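Based on what follows, work out the 3D shape:
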Amino acid sequence: MKRSQQHILRTMLFVLLSIAIVVLAIADMLIGSVAIPVREVVSSLWGGVTQADYAHIIYDMRMPKVLVAIFAGMALSASGLLMQTLFRNPLAGPYVLGINSGASFGVALFTLAVPMMAINAPWLYDIGVTGVALIGSAAILLMVMALSRRIKSISVILILGMMLGSAISAVVGILQYMGTEESLKAFIVWTMGSLSNVTTAQLYIFVPTVVVGLVLSLVAVKSLNMLLMGESNARTLGLNVRLSRTIIFLATTLLAGTVTAYCGPIGFVGLAMPHLARMTFRTSDHRTLMPAAMLWGGVAMLLCCLLSDVIARYSVILPVNTLTALLGVPIIIFVVLRNRNRQ
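Numbering: from 1, shown residues only. Got it, this is the predicted structure:
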């Protein structure tokens with residue numbers, strides 16, 4: 001296929017994905033326990049007059065959820081692509097550094113250990129689940145960055161990150177075993193993930209933090225293209241590998257850590273969407289792959305959000321993690337089988 005034809009096809013794909021995000025976002029605001037007419041949603045989006053009840057539902061409930069879905073999907077997909085390229089591992093995801101384990105440890109301490117030990121610390125409750133999850137993620141980032149400055153081999157960092165995550169998960173398991181029924185239920189519900197817990201006020205923190213992470217991801221595309229050839233070759237070409245690692249680790253923590261803190265550990269989106277971007281755009285150039293993965297992530301999360309609302313209207317509310325797994329697992333299986341056939 002000629003380069004001009006490829007460029008046209010990729011441009012069309014970008015346009016189609018952008019349209020899909022807009023259509024799914026509007027559909028998400030239409031569908032719910034209360035059906036809202038299309039004209040009311042369009043009027044509210046364009047700043048027109050909207051009925052008070054509809055305006056409350058749209059602005060205070062559904063629009064925050066839609067924005068969280070878009071930015072969470074973009075964040076997880078971008079961080080997944082960063083990790084897959086840095087570690088040169090197609091099955092690496094945004095949580096490979098143990099960021100989710102750090103967040104889970106913070107939440108476990110807050111929901112399981114604090115009630116069990118009857119700790120009376122008002123300031124701790126002011127921080128809340130989101131705050132302790134962010135602190136846990138940041139602590140893991142600092143440990144991984146400290147290790148990366150001493151260890152040159154990226155594969156060793158990967159193994160240490162996985163072992164660190166496993167050790168933290170073991171401690172969390174002990175806390176779960178010792179926790180009360182009520183506190184255990186609260187922790188389990190958090191691990192299932194939710195897009196509805198972010199308030200309008202919290203969006204002013206969530207969105208800018210994710211945007212900073214996305215900008216860092218786009219800044220890193222040149223480094224990512226060079227890292228495809230291996231770190232030794234990248235150093236030969238003049239790449240500052242240590243600085244590139246730091247930017248990538250920081251971007252991943254801002255993206256995956258923020259989403260985990262506010263929405264819980266959402267799986268499979270960050271693992272599957274980069275592969276979907278590669279398959280549809282048929283390129284390894286991160287100048288195309290990074291925005292493509294972001295768009296696919298936004299589409300995937302909006303689709304899961306829409307499916308959740310539709311199912312909830314006629315049956316029960318499903319955790320977002322169940323839907324992302326049903327969406328992502330077939331893609332991962334296909335990638336594994338395709339790679340096996342190529343060997």
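
May I have the secondary structure class of the most centrally placed residue in the chain?
With distances taken as CA atoms, centre = their mean, Leu76 lies nearest the centre of the chain, 2.5 Å away. Secondary structure for Leu76, judged by DSSP: H, G, I helix; E, B strand; the rest coil, is helix.

Next one: it relative to Ser196, how far apart?
From Leu76 across to Ser196, the span is 17 Å (CB to CB, to the nearest Å). From N, CA and C alone the C-beta is placed, and that goes for glycine too.

Do you have the strands of the stretch 201-343 of the chain handy? List them.
Using DSSP state E, counting those that start in this stretch, no strands are assigned anywhere in the stretch 201-343 of the chain.

typed the wrong thing, it's the stretch 1-150 of the chain
In the stretch 1-150 of the chain, no strands are defined using DSSP E, counting those that start in this stretch.

low pLDDT regions in the stretch 201-343 of the chain?
339-343 (pLDDT under 70).

now the stretch 1-150 of the chain
In the predicted model of the stretch 1-150 of the chain, residues 1, 33, 42, 44-53, 115-127 satisfy pLDDT under 70.

Quick one: the helices in it, in order.
Under the criterion DSSP state H, counting those that start in this stretch, the stretch 1-150 of the chain contains helices at 3-30, 38-45, 52-57, 63-86, 99-108, 114-117, 122-150.

Kindly reformat the ones you listed as CSV containing distance to Met178.
Listed next are these as CSV, based on distance: least, CB to CB, whole Å:
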stretch, distance to Met178
helix 3-30, 40
helix 38-45, 48
helix 52-57, 41
helix 63-86, 31
helix 99-108, 10
helix 114-117, 6
helix 122-150, 18
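
Got the confidence number for the nearest residue to Phe87 once chain neighbours are set aside?
Once flanking residues are discounted, Phe87 sits nearest to Leu158: 5.0 Å by CB to CB, 6 or more residues apart in numbering. Note for Leu158: predicted pLDDT of 81.

doesn't Ala220 make contact with Arg287?
No: assessed by CB atoms under 8 Å, Arg287 is found out of contact with Ala220, at 11.1 Å.

Can you pick out the residue with more neighbours from the two?
Using other CB atoms under 10 Å, the more surrounded residue of Arg287 and Ala220 is Ala220, with 25 against 13.

quick one: contacts for the more buried one?
Residues counted as contacts of Ala220 (CB atoms under 8 Å, 6 or more residues apart in numbering) are 82, 244, 247-248, 251, 286.

which of the residues you listed lies closest to Val132?
Nearest to Val132 among the contacts of Ala220 is Ala251, at 22.2 Å by CB to CB.

burial count for the closest one?
Ala251 is flanked by 23 other residues according to other CB under 10 Å.

now swap in Ile247 and tell me
Neighbourhood size, Ile247 [other CB under 10 Å]: 17.

and it, what is it in contact with?
Shown in contact with Ile247 (CB under 8 Å, 6+ apart): 216, 219-220, 223.

just so I know, which of the helices of the stretch 1-150 of the chain lies nearest Gly230?
So among the helices of the stretch 1-150 of the chain, helix 63-86 is nearest, using CB to CB, at 11.4 Å.

That closest one packs against which elements?
For helix 63-86, the helices and strands in contact under the criterion 3 or more CB pairs under 8 Å, 6 or more residues apart in numbering; DSSP states H and E are helix 3-30, helix 200-219, helix 221-227, helix 241-252, helix 258-263, helix 269-281, helix 286-314.

Dump those helices to TSV, plus distance to Ala113.
Shown next, in TSV, are these (distance: least, CB to CB, whole Å):
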stretch	distance to Ala113
helix 3-30	37
helix 200-219	24
helix 221-227	39
helix 241-252	27
helix 258-263	18
helix 269-281	28
helix 286-314	31
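
tell me the most buried of those helices?
With neighbours taken as mean count of other CB atoms under 10 Å, the helices and strands packed on helix 63-86 reach their highest mean count in helix 258-263, at a mean of 29.

What is that helix packed up against?
helix 63-86, helix 99-108, helix 122-150, helix 200-219.

who wins for proximity to Leu227 among the ones you listed?
For Leu227, the closest of those is helix 63-86, at 5.9 Å, according to CB to CB.

got the angle between the closest one and helix 200-219?
Angle of helix 63-86 versus helix 200-219, following axes from the mean of the first three to the mean of the last three CA atoms, to 10 degrees, is 30 degrees.
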